[in-house]
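Enquirer: Need a 3D model of the following:
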Amino acid sequence: MTPARIVALSSLLWGSLLIAQQLPQIAYDVKESVVKIEVHLTNVHDSERVSDQLKRCFEESDFCVIGTGVRINQAGDVLTAAHVARDTGVVSQTLKNIGIESEVMVAGSASNAEYVGGRVQSTGGASKALIKAIDSEHDVAVLEPETGGQAFERIDERTRARKQDFREAKLDLQRPSLGESIFSFGFPEYSPGLISTTGAITLAVGSKNLVEAKKSGDTELVPVYKAGLEMSPGNSGAPLFRTSDGALRGIVSEIAEGRDVIATVVPASEIAKVLSKYAIKWDAAPTAQARSAGHKKLWPH
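Expert: Numbers count the residues shown, from 1 in each chain. Modelled structure (predicted):
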């Protein structure tokens, strides 16, 4: 990996460690669908031998957090940005060039549900993963964990260990309202800890030539949303959820710096096209009419 390539990768992963306040209650449910995408060293002692370009990423452990993903079905398939999926290959190849073997893995979001010292089978916090589908034009990829339909064993502050079914995101294909309230979770700046952020939709109709498409020489524009979020460049692949009900609005592809930080978001409607193209299962969030009907039942007048 060239120094320029490392700088480009770092700029995509760089992020703020801001903890957003006043998250809605639904956030504590949907965060269970969010995962880290990591590169792990096969031999834990190889962390001392990684190249200078990657030392910052591996300085505290034998894994490097590359980006963020979100589960989209009960099979455990993980949705992320295509450039995140490809960057795992770049890091793995860079390590291989100096004789270090590694694996791409996805891990649960609990702070201590980590792959530790080669004990992945005993901690259950992570699973090896392969690229199942990738679409450069939309900057969308899907990773397939080896766990299949089995749940991760989660370890957190409240329980020593517990088995739970996958929590998967529900895609909302409808165009959002301008100013619609949203929140997101991600793992910026190689962070092993889950970082939350809140914001709003600032552009509901737009188009852009996305980062992975540019790298692949694709000049086609695709529909995008813009969102104002409390994050710096980073959080690639991070899911954006609607505040009212936790429906998935899309995933982060790019973040532009400025007075107001604006994220470019691949809409759920475009993601659904890619998933359907590759015959990957996904579920739709309830429509506005269904949500309204449910609200009336709960709050009769």
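Enquirer: Quick one: mean pLDDT for stretch 275-284?
Expert: The predicted model assigns stretch 275-284 a mean pLDDT of 97.
Enquirer: residues in contact with that stretch?
Expert: 72-75, 77, 79, 132-133, 135, 142, 168, 170-173, 271-272 (CB atoms under 8 Å, 6 or more residues apart in numbering). (Each C-beta comes from the backbone N, C-alpha and C, glycine too.)
Enquirer: Any quick ChimeraX command for the buried ones out of the residues you listed?
Expert: For the buried members of those, the matching ChimeraX selection, counting by 16 or more other CB atoms under 10 Å, is:
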select :72,73,75,77,79,132,133,135,142,168,170,171,172,173,271,272
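Enquirer: Among the contacts of stretch 275-284, which ones are in strands?
Expert: Residues of these located in strands (DSSP state E): 79, 132-133, 135, 142.
Enquirer: Phi, psi for Phe58 please.
Expert: Backbone geometry at Phe58, expressed as degrees, to the nearest 10, gives phi -100, psi 10.
Enquirer: Now for it: which residues touch it?
Expert: Per CB under 8 Å, 6+ apart, neighbours of Phe58: 41, 47, 50, 64.
Enquirer: Can you tell me which of those is closest to Ser207?
Expert: Cys64 (33.1 Å; CB to CB).
Enquirer: Okay, and the beta partners of that closest one?
Expert: Val39 (DSSP bridges).
Enquirer: what do you get for the one 5 residues further on?
Expert: According to DSSP bridges, the residues that bridge with Gly69 are Val35.
Enquirer: Relative to Ile98, how far out is it?
Expert: 27 Å (CB to CB, to the nearest Å).
Enquirer: what's the answer for Glu59, then?
Expert: 17 Å.
Enquirer: Likewise for Ala133?
Expert: Separation of Ala133 from Ile98 (CB to CB) stands at 30 Å.
Enquirer: Could you find the closest non-adjacent residue to Ser181?
Expert: Thr243 (3.9 Å; CB to CB, 6 or more residues apart in numbering).
Enquirer: shouldn't the one you found be in contact with Ser184?
Expert: No - counting by CB atoms under 8 Å, Thr243 sits too far from Ser184 to count as a contact (10.5 Å).
Enquirer: shaky segments in the stretch 1-150 of the chain?
Expert: 1-22, 109-125, 147-150 (pLDDT under 70).
Enquirer: What are the neighbouring residues in contact with Val106?
Expert: 35-38, 69, 78, 126-127, 129, 143, 145.
Enquirer: again, but for Val140
Expert: Contacts of Val140 (CB under 8 Å, 6+ apart): 79, 81-82, 133-134, 251, 266, 270-271, 274.
Enquirer: For it, list each beta-bridge partner.
Expert: What pairs with Val140, by the bridge criterion (DSSP bridges), is Asp135.
Enquirer: on that earlier part again, neighbour count: Gly69 and Ile98, which is higher?
Expert: Neighbour count, other CB atoms under 10 Å: between Gly69 and Ile98, Gly69 has more, with 32 against 11.
Enquirer: Cheers, nothing more for now.
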